[in-house]
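In: Fold the following.
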Amino acid sequence: MTDFGLPLEGITVLDFSQFLAGPVAALRLADLGARVIKIERPGTGDLGRKLAFAGRMAGDDSMSFHAMNRNKESVTADLKDPEDLAFVRGLVREADVLIQNFRPGVMERIGLDFASATELNPTLVYGSVSGYGDHGPLKDRPGQDLLAQAVSGIPWLNGSADDPPVPIGLAIADHLASCHLAQGITALLVRRFRDGRGGLVQTSLLESLLDLQFELLTTRLNDPTVTVRRKGPRSAHAFLSAPYGIYPTSDGWLAIAMNPVPTIGKLLGIPELVEMTDPATWWERQREIEDLLSERLAARTRDEWLAVLDPADVWCAPVLTQEELLGHEGFRAIAMTQELTRDGLRLTTTRSPIRLDGRRLLSDRPAPRLGEHNHALREPGKEVTA
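Out: Coordinates of the predicted model:
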């Protein structure tokens, strides 16, 4: 990156987590220069090794495991075995960060909860991510993305009034929680460098999804009349007026964001919209506006309409299919991919979305095989820290 290297070089992270939120938080730290050591159970390892996104595997591990565990090391340990537990406790004594995402009570039973771990290492930064926090009636429920979305109310924000609840089709709770956990860990590392204190960072899938809704929740908490009322099939937001939505063209779809309705009407040749100069009508006649836009936009191709709207600085964009995205010049220009090789298998995956000092964060180190670093880490006299 610079003459000084990556900002977290010299930091060692023990990653006890599995599936997505914890491992991706650790990945974010690894991409910033930290050494990340996965602590995995013998035989099976991180259950994410076999939980295959779209059913796709790459060698012995799922493609998603490769994506979220690149740039790490792996050591196996049976935490119920006294000898293995003693070895892991030795790693904890020398580490800078510990990440775990077990259900409440699991790390306490092992003797590696925050209080126990900081007795071993008072300057340790301890990161914990759960499904719903450590207290309350939800704390013991399975901490899984769809389930957290369901509890958070997010599915009621998507789709139209005629649709059932529509969840977001990606693990958004896990990804958001990983960002919050990594941010909190980094903040406590800064504090530790300043005054030598370790500390505890906690977040959950539910808290992350509630934070995502800060606009809605703040408005509702201060005005009880605000409630979710989904609109027609073209609307893209329950709380924004027309023309905010996605519309069909003759060969694809077009997204139109916040724009004055008369301006859109003039550009598209819809006189009924030109006359709607009062913004209140954009709410009151939203379904009518969307129907007029849909009928007009369906008459020409997406690119023909973009050629009309873009020069007028209308906030709009093509709705790309996955194939169109991957072939788009904008995708190539942002260079979000990198190549990894493990055991002769070549895999393309994403890179960190962060750029530091004008440089992209790239690493060609693949996800580790299960227990790949057992010998190096268990070898007597071997240094544990990077």
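In: Only C-alpha atoms from now on, for both contacts and neighbour counts.
Out: Will do.
In: Now for residue 215, how many residues are close by?
Out: Using other C-alpha atoms under 10 Å, residue 215 is surrounded by 10 other residues.
In: scratch that, residue 375 is what I was asking about
Out: Using other C-alpha under 10 Å, residue 375 is surrounded by 11 other residues.
In: Pull out the buried positions in the helix ranked longest in the chain.
Out: Ranked by residue count under DSSP state H, the longest helix found in the chain is helix 172-195. In terms of neighbour count (16 or more other C-alpha atoms under 10 Å), helix 172-195 has its buried residues at 172-186, 188-189, 192.
In: for stretch 213-233, same thing?
Out: 230-233.
In: Now render those as TSV, adding pLDDT.
Out: Shown next, in TSV, are those (pLDDT from 0 to 100):
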residue	pLDDT
230	95
231	94
232	94
233	95
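In: Need the three-state assignment for the closest residue to residue 238 other than its chain neighbours.
Out: The spatially closest residue to residue 238, leaving aside those adjacent along the chain, is residue 230, at 4.8 Å (C-alpha to C-alpha, 6 or more residues apart in numbering). Under DSSP: H, G, I helix; E, B strand; the rest coil, residue 230 falls in the coil class.
In: wait, what's in contact with residue 230?
Out: Residue 230 makes contacts with 156-161, 237-238, as judged by C-alpha atoms under 8 Å, 6 or more residues apart in numbering.
In: Find the nearest non-adjacent residue to residue 286, please.
Out: In space, residue 286 is closest to residue 242, 5.3 Å off (C-alpha to C-alpha, 6+ apart).
In: How many residues are close by that neighbour?
Out: 28.
In: Relative to residue 21, how far out is the nearest residue to residue 362 once chain neighbours are set aside?
Out: Of all residues not flanking residue 362 in the chain, residue 351 sits nearest, at 6.1 Å (C-alpha to C-alpha, 6+ apart). Using C-alpha to C-alpha, to the nearest Å, one gets 17 Å for the distance from residue 351 to residue 21.
In: Compare the two and say which one has the larger neighbour count.
Out: Neighbour comparison, residue 351 and residue 21: the larger count goes to residue 21, with 31 against 19 (by other C-alpha under 10 Å).
In: okay, that one: pLDDT?
Out: Per-residue confidence at residue 21 stands at 97 (pLDDT).
In: ok, it touching residue 180?
Out: No. In this structure, residue 21 is not within contact of residue 180 by C-alpha atoms under 8 Å, at 9.8 Å.
In: rewinding a little: now the buried members of the contacts of residue 230.
Out: Buried among the contacts of residue 230 by 16+ other C-alpha under 10 Å: 156-161, 237-238.
In: want to throw the residues you listed into JSON lines with distance to residue 137 and pLDDT?
Out: Output for the buried ones among the contacts of residue 230, formatted as JSON lines (distance: C-alpha to C-alpha, whole Å; pLDDT from 0 to 100):
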{"residue": "156", "distance to residue 137": "22", "pLDDT": "97"}
{"residue": "157", "distance to residue 137": "24", "pLDDT": "97"}
{"residue": "158", "distance to residue 137": "27", "pLDDT": "96"}
{"residue": "159", "distance to residue 137": "29", "pLDDT": "95"}
{"residue": "160", "distance to residue 137": "31", "pLDDT": "95"}
{"residue": "161", "distance to residue 137": "31", "pLDDT": "94"}
{"residue": "237", "distance to residue 137": "31", "pLDDT": "95"}
{"residue": "238", "distance to residue 137": "30", "pLDDT": "94"}
